[in-house]
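1. using only what follows, build the 3D model:
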Amino acid sequence: MEVGAVAAMRYVKDGIRAAKLVLEHTEHSFIVGEQASVFAISMGLPGPTDLSSPESIAQWNKWRMSACQPNFRKNVLPTNGCGPYRPSDSGDAVIESPAYVDVERWSGSDEMAFFGSNSTFASLQNHDTISMAVIDRAGRIAVGTSTNGATFKIPGRVGDGPIAGSSAYADDEVGACGATGNGDIMMRFLPCYQVVESMRQGRDPEHAASNAMSRIARKYPNFVGAVFAVNNKGAHGGACHGWTFQYSVRAIGMHDVEVFTVKPRDGGLHHPI
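-> Take a look at the predicted model:
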């Protein structure tokens, strides 16, 4: 039940390390914006650093040349431009939010680790959200999520990545959950908190994950998202909506990860270790 999070942090590359510093060296749970960067650098992380790349600058310039479309604004004028924006007088000027996708990759672990990815979009050149849970030999559980957020988001937007209970949640007595997808929708449901509490009430990981996804889908049938779940015994499962989701597992004694695929029509996948 310890939490550390940062959001809207610029000029510091390693957000998950900054979040861990909040957890280990403050009595706070969440630090944001410029002061999150100041905190991280004061605690020894490299910075300030220019995090732009030639590829990201080119992508941004192309977006600007396309009248800043798509973007996440709605009911504003101008409907097809880069602003400045103002509220429209009616609900006619609606700009649809793009269906963005977070994808994940993993760098390895000595212990049992669980993380997710989207098989269609994940590659060495295209990856973003990482959500990982680890169970150590003493049975302690940790989970973390790191993301760059939605492409072309409105400046200052915070997604579900740093929201405890939404993108990640863990309890040594029960298990852990990690999530990815449309964070603006998913954070309204705290799906990972729900998954862990469902496992606390006796649901296996597969059904806990499926139940969390179905609750969101009833309200937002077009959302894209996924969760993985693992209980404190090592049984795990996943569920998704709107895409084919993959998560991987590595346990002590395994030489490499094992990949599990969850399809929306399957509702979930369960596998005990």
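
2. look up the closest residue to Ala19, ignoring the ones flanking it.
-> With CB to CB, 6 or more residues apart in numbering as the criterion, Ala19 has its nearest non-adjacent residue at 4.6 Å, and that residue is Gly4. Glycine gets a C-beta too; all of them are placed from N, C-alpha and C.

3. quick one: the helices in this protein?
-> Ranges of helices within the chain are 15-25, 33-42, 54-65, 183-186, 191-200, 205-219, based on DSSP state H.

4. tell me the mean pLDDT for stretch 45-52?
-> Averaging pLDDT along stretch 45-52 gives 94.

5. contacts for that stretch, please.
-> For stretch 45-52, contacts defined as CB atoms under 8 Å, 6 or more residues apart in numbering pick out Arg10, Tyr11, Val12, Lys13, Asp14, Arg17, Ala18, Leu21, Ser37, Ala40, Ile41.

6. please identify the buried residues of that stretch?
-> Leu45, Gly47 (16 or more other CB atoms under 10 Å).

7. quick one: end-to-end distance for it.
-> From its first residue to its last, stretch 45-52 covers 18 Å (CA to CA, to the nearest Å).

8. ditto for stretch 237-253
-> OK, stretch 237-253 end separation, CA to CA: 20 Å.

9. quick one: the strands in the stretch 1-150 of the chain, in order.
-> Assigned by DSSP state E, counting those that start in this stretch, the strands in the stretch 1-150 of the chain fall at 5-7, 30-32, 76-77, 86-87, 112-118, 130-135, 141-146.

10. re the thing from before, how about the contacts made by the residue nearest to Ala19?
-> Ala19, Lys20, Leu21, Val22, Leu23, Glu24, Thr26, Ser29.

11. try it again at 6 Å.
-> Ala19, Lys20, Val22, Leu23 (CB atoms under 6 Å, 6 or more residues apart in numbering).

12. Throw these into TSV and include distance to Asn71, pLDDT and neighbour count, thanks.
-> Below are the contacts of Gly4 laid out as TSV (distance: CB to CB, whole Å; pLDDT from 0 to 100; neighbours: other CB atoms under 10 Å):
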residue	distance to Asn71	pLDDT	neighbour count
Ala19	27	97	26
Lys20	32	96	17
Val22	30	98	23
Leu23	33	97	16
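
13. just these now: which is nearest Met186?
-> Ala19 (18.5 Å; CB to CB).

14. relative to Ala8, how far out is the closest residue in space to Val76 that isn't next to it in sequence?
-> Nearest residue to Val76, sequence neighbours excluded (CB to CB, 6+ apart): Tyr85, at 4.3 Å. Distance, Tyr85 to Ala8, using CB to CB, to the nearest Å: 20 Å.

15. cool, and Ser214?
-> 31 Å.

16. neighbour count winner among those two?
-> Ala8 (17 against 13; other CB atoms under 10 Å).

17. beta partners of Ser248?
-> Phe115, Val259 (DSSP bridges).

18. just checking, it touches Val257?
-> Yes: taking CB atoms under 6 Å as the definition, Ser248 is a contact partner of Val257 at 4.0 Å.

19. neighbours around Tyr85, how many?
-> So Tyr85, with other CB under 10 Å, has 18 neighbours.

20. whoops, Ala18 was the one
-> 25.

21. go on, Glu55?
-> 9.

22. what does the one 4 residues further on give?
-> Other residues within reach of Gln59, judged by other CB under 10 Å, total 13.
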